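*Asks:* I'd like to go over a predicted model; first the sequence, then the structure.
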Amino acid sequence: MKVALVTGGNKGIGFDVARQLAQNGLFVYIGSRSLERGLLAAEKLNALGLDNVEALQLDVTNPESVKAARAVVGEKTAVLDVLINNAGVSGGFQQSALVTTIDQFKAVYETNVFGVISVTQAFIDLLKESPAPRIVNVSTSMASLTLAADLDNGSYPTRFVAYQSSKAALNMYTINLAYELRDTPFKVNAVCPGYTQTDFTNHQGTSTVDEAGQRIVTYALIGQDGPTGKFFSEEYVPEPATCPW
């Protein structure tokens, strides 16, 4: 049985990704900052007949928590096949290049960038033991420099400087990670789940969590002929395709 880890898997998109991976026959570790919430998420999946899940206390911003989570998983399996770096924060809905403080930037980057790097580096040894390792970093089309640079773009009116720049940094990390792993079986991609109806968006959006989860799971389960080092979004193109960075 393949094994997956989903950070921030106790609710929203992460929870649905965990559900879909479990339904596809993977054993899924539900990474959750709060173990209690992780256990509740696991119970919900158990109620759906999915017993191939386990809650894992994992605060991506806490190095000791990441280290402990790696130890727990390592005691139970020598192989990790899929890593979904889903945990993320928005930083609030008032962000300006002129007034957003350094502390606000740091808080967003701690989760969206440094947390991803920390978890990826902690679990990379287990991923290397997989014959077909997959890493999906959950990003956003809002991080596209091409789209944001069109200052008259009426379909791009909302700007959150800390959040957008953190995800742009995540995209660059994704590319470099894919580059360093280019001669291996790894497939490393960034995926925009879409404007999804979750707590993160105050339950507004054009996509359901099921649709968002499917977009991420698609790249978690791609074959060896699949892409790597790419960014995928369905928000600004009619079909799944590479969106401008």
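*Replies:* Perfect, thanks for sending it.
*Asks:* Show the contacting residues for the nearest residue to Ala107 once chain neighbours are set aside.
*Replies:* Excluding the flanking residues, the one nearest Ala107 by Cβ to Cβ, 6 or more residues apart in numbering is Gly91, at 6.5 Å. Every C-beta, even on glycine, is put in place using the N, C-alpha and C of the backbone. Counting by Cβ atoms under 8 Å, 6 or more residues apart in numbering, Gly91 makes contact with 100, 104-105, 107-108, 160, 162-163, 166.
*Asks:* And the residues you listed, which two are furthest apart?
*Replies:* Ala107 and Phe160 (13.0 Å; Cβ to Cβ).
*Asks:* More neighbours: which of those two?
*Replies:* Phe160 (20 against 17; other Cβ atoms under 10 Å).
*Asks:* The more buried one against Ala148, yeah?
*Replies:* No: Phe160 lies out of contact with Ala148 (Cβ atoms under 8 Å); the separation is 10.7 Å.
*Asks:* what's the overlap in contacts for those two?
*Replies:* Joint contacts of Phe160 and Ala148 (Cβ under 8 Å, 6+ apart) are Met142.
*Asks:* before we move on, back to that, ok, now how distant is the residue nearest to Ala107 from Phe27?
*Replies:* Applying Cβ to Cβ, to the nearest Å, the value for Gly91 to Phe27 is 33 Å.
*Asks:* what's the answer for Ala190, then?
*Replies:* 24 Å.
*Asks:* Neighbour count: these two, which is higher?
*Replies:* For the pair Ala190 and Phe27, the greater number of neighbours falls to Ala190 (29 against 18), based on other Cβ under 10 Å.
*Asks:* Quick check: that one touching Phe232?
*Replies:* Yes: contact criterion Cβ under 8 Å: Ala190 and Phe232 qualify, at 7.3 Å.
*Asks:* hey, where'd the strands end up in this protein?
*Replies:* Taking DSSP state E to define them, one finds strands in the chain at 3-6, 27-32, 53-57, 82-85, 134-138, 187-191, 231-233, 241-242.
*Asks:* any chance of the ones you listed in TSV, with mean pLDDT and distance to Gln20 too?
*Replies:* Listed next are those as TSV, based on pLDDT from 0 to 100; distance: least, Cβ to Cβ, whole Å:
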stretch	mean pLDDT	distance to Gln20
strand 3-6	98	10
strand 27-32	98	9
strand 53-57	98	12
strand 82-85	98	11
strand 134-138	98	12
strand 187-191	97	13
strand 231-233	92	16
strand 241-242	40	21
